[in-house]
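# Turn this into a structure:
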Amino acid sequence: MAFPMNRHAIFTIVLVAISLPLAPAVPCQTQSNLPQLPNPGSTSITRQQQQQIGFQAAAEVYKQMPLLPDSSPETQYVRQLGQRLVAVIPAEYSWPFQFHVVAQKEINAFALPGGEMFVNLGTITAATNEAQLAGVMAHEMAHVYMQHSAKQMQKAQLTQGLAGLAGVLLGNKGGMLGSLGQTGIQVGAGMVMLKYSRSDEAQADEVGTIILYRAGYNPQALADFFKQLQAQGGTGPQFLSDHPNPGNREAAIQKEIQRWPPVTYRTDSAAFTAARQQATSAKVYTADEIAKGAKTGQWSALNKRNGAVLKPPPGLAASATTESKSGAVAWNAVAPSSNFVLADLGLVRMVHPENWVVIAPQQQGQSITIAPRAGVVGSGIGYGVVVNGVSPRGKTASIDQVTDDIVRSLQSGGGDLQPVGAAAEIKVAGVRGRSVNMQSTSPFPNAKGQSQKERDWLVTVPRSDGAVIFLVFVAPESDYGRLSPSFQRMLRSVQF
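Predicted coordinates:
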């Protein structure tokens, strides 16, 4: 069997990320006479994890909303405009932005962690000129640039602390990074909501105006667009509710830009006029229609039929959907590097071979996986380690009882997984846990193309709050001996 990366929904611990103090906002080193983009700081959520979270959320959008294909004139125009804005962001702080257009009547736009951005047709038609549309997009880019979703997740984790662990019961859905909702993203019923604070909105206004200015647009256009929507009252309630006024929005933007050097601004373009006209005549759907269609799978089918297919952004590392053929794997394709790097997975920190990738969970309840790309097959792995946790149902359970429950639950997931011998005591990070050797059939045949056994080494470690962290190290029997030193090193490095 391929040890499942996504079959641990019953193990429901939410691991809280340990954060470091954010770096102070300091200017990027560029031309001193221009307004500078701030240093966005850092978060405990890695760039790769943010990209994977954003891409997974974008995949849900493609299932629950009608999208225009990449070849449509509106999408082509929005992408060209987006790339003009991206070009002014310092490379070291930029993201692989991807631009999409939603066939929705209402005015809205949103950008997901990692750079997936969606603009409604209603937003294109509502903009008076190109500068206003660019302002909306620059504001959304600023949320990604400042990593607001990741920072919101980090703040929530700090607030909940260990108390959040105790409240999660066996049988609920959890996981080490939790659901998209824990990152401030909710995708469902044909709508996407990102939870931003008023301070986030004020910062997105500030950073967005800098992006706008450096791209050659009058930053006043951003304030004008918000003011225009406010005056229209009920015309754009969803956009305004998603982008709450942090207070004196227009005045704050005007105060920020008044000392900037004067330049000749780009206000409009023939391309915008053509795209706006095209958007005006395009088929659009209301929010209610989209919500109803999402329930029946209408949009997923329509998008496939129209050629609106989500493509991974360039450079996105292996994700939880990565697949490899289950033929024989050469040792050099899975062999661990002698160089190890530290991964902060939340309350668990551990080192891993630098040539193995950390694969974030695709949805709530799934495990984090660390594996060589060639060791991933379908929704499981044949080489690597999976990490997750469990909190017993409102009762005090011994580590032996919880370990037995985990073994039985793993067996219930299908396949021929069987324990080999009894559980033994093991010490991890100074804590006494349990070690269980298990065996199943590997998804990878041996060099002769014949089926071979897989060893699955389960290690469980209790926490003082009753939660239990568990790791499963996976490899075919034929290669386990060669991987054992790396597995042992990873386990010795574990910190809670």
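
# My guess is residue 122 contacts residue 109. True?
No - at 9.5 Å, residue 122 and residue 109 do not qualify as touching, with contact defined as Cβ atoms under 8 Å. To be clear about C-beta, it is placed using only N, CA and C from the backbone, and glycine gets the same treatment.

# Poorly predicted segments of the stretch 251-400 of the chain, please.
Scanning the stretch 251-400 of the chain for pLDDT under 70 picks out 314-327, 347, 361-366, 378-379, 392-395.

# Could you rerun that using 90?
Filtered on pLDDT under 90, the stretch 251-400 of the chain yields the residue ranges 251-259, 261-264, 266-268, 294-297, 311-330, 332-333, 343-348, 357-369, 373-381, 388-398.

# quick one: the strands in it?
For the stretch 251-400 of the chain, applying DSSP state E, counting those that start in this stretch gives strands covering 340-344, 349-353, 357-359, 368-371, 376-377, 380-381, 384-390.

# Quick one: closest of the ones you listed to residue 87.
strand 357-359 (29.3 Å; Cβ to Cβ).

# For stretch 458-467, what is the distance to the chain centroid?
How far stretch 458-467 lies from its chain's middle: 27 Å, per Cα atoms, centre = their mean, to the nearest Å.

# Rounded mean pLDDT for it, please.
If you average the pLDDT over stretch 458-467, you get 89.

# Contacts for that stretch, please.
Defining contact as Cβ atoms under 8 Å, 6 or more residues apart in numbering, one finds that stretch 458-467 is touched by 13, 162, 165-166, 389-392, 396-397, 399, 402-403, 406-407, 410, 426, 428-429, 431-438, 468-473, 491, 494, 496.

# could you flag which of those residues are buried?
13, 165, 389-392, 397, 399, 402-403, 406-407, 410, 428-429, 433-436, 438, 468-473, 491, 494, 496 (16 or more other Cβ atoms under 10 Å).

# Which of those fall within helices?
Under the assignment DSSP state H, these contribute 165, 399, 402-403, 406-407, 410, 491 to helices.

# among the strands of the stretch 251-400 of the chain, which is nearest residue 249?
Here strand 340-344 is closest among the strands of the stretch 251-400 of the chain (Cβ to Cβ), at 35.8 Å.

# Show me the strands paired with the closest one, marking each as parallel or antiparallel.
Here strand 340-344 is paired, per DSSP bridges, with strand 349-353 (antiparallel).

# Show me what the partner strand is in contact with.
Looking at what lies outside strand 349-353 - Cβ under 8 Å, 6+ apart - the contacts are 18, 336-343, 358, 370, 372, 385, 486, 489-491, 493-495.

# between that strand and strand 384-390, how many degrees?
If you take axes from the mean of the first three to the mean of the last three Cα atoms, to 10 degrees, strand 349-353 sits at 170 degrees to strand 384-390.

# to the chain's geometric centre, what's the distance from strand 349-353?
20 Å.

# Tell me which residue is most central in this structure.
residue 53 (1.3 Å; Cα atoms, centre = their mean).

# In this structure it contacts residue 113, no?
Yes - at 5.2 Å, residue 53 counts as touching residue 113 under the criterion of Cβ under 8 Å.

# what bridges to the closest residue to residue 457 other than its chain neighbours?
Once flanking residues are discounted, residue 457 sits nearest to residue 473: 4.3 Å by Cβ to Cβ, 6 or more residues apart in numbering. Beta-bridge partners of residue 473, counted by DSSP bridges, are residue 385, residue 457.

# ok, back up a step: show me how to select, in ChimeraX, the buried members of the contacts of strand 349-353.
A single ChimeraX command selects the buried members of the contacts of strand 349-353 (16+ other Cβ under 10 Å):
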select :18,336,340,343,358,370,372,385,486,490,491,494
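
# thinking again about what came up before, what are the phi and psi values at the residue nearest to the centre of the chain?
Taking degrees, to the nearest 10, you get phi -60, psi -50 for the backbone angles of residue 53.

# if we can go back for a sec, with respect to residue 298, which of the ones in helices among the buried ones among the contacts of stretch 458-467 is nearest?
residue 410 (37.4 Å).

# Wait, that closest one touches residue 417, no?
Yes - contact criterion Cβ under 8 Å: residue 410 and residue 417 qualify, at 5.8 Å.

# Pull up the overlap in contacts between the two.
By Cβ under 8 Å, 6+ apart, the residues touching both residue 410 and residue 417 are residue 438.

# Could I get the contacting residues of residue 407?
Residue 407 touches 419, 436, 438, 458, counting by Cβ under 8 Å, 6+ apart.

# Quick check: the second one vs residue 93, distance?
Using Cβ to Cβ, to the nearest Å, residue 436 is found at 45 Å from residue 93.
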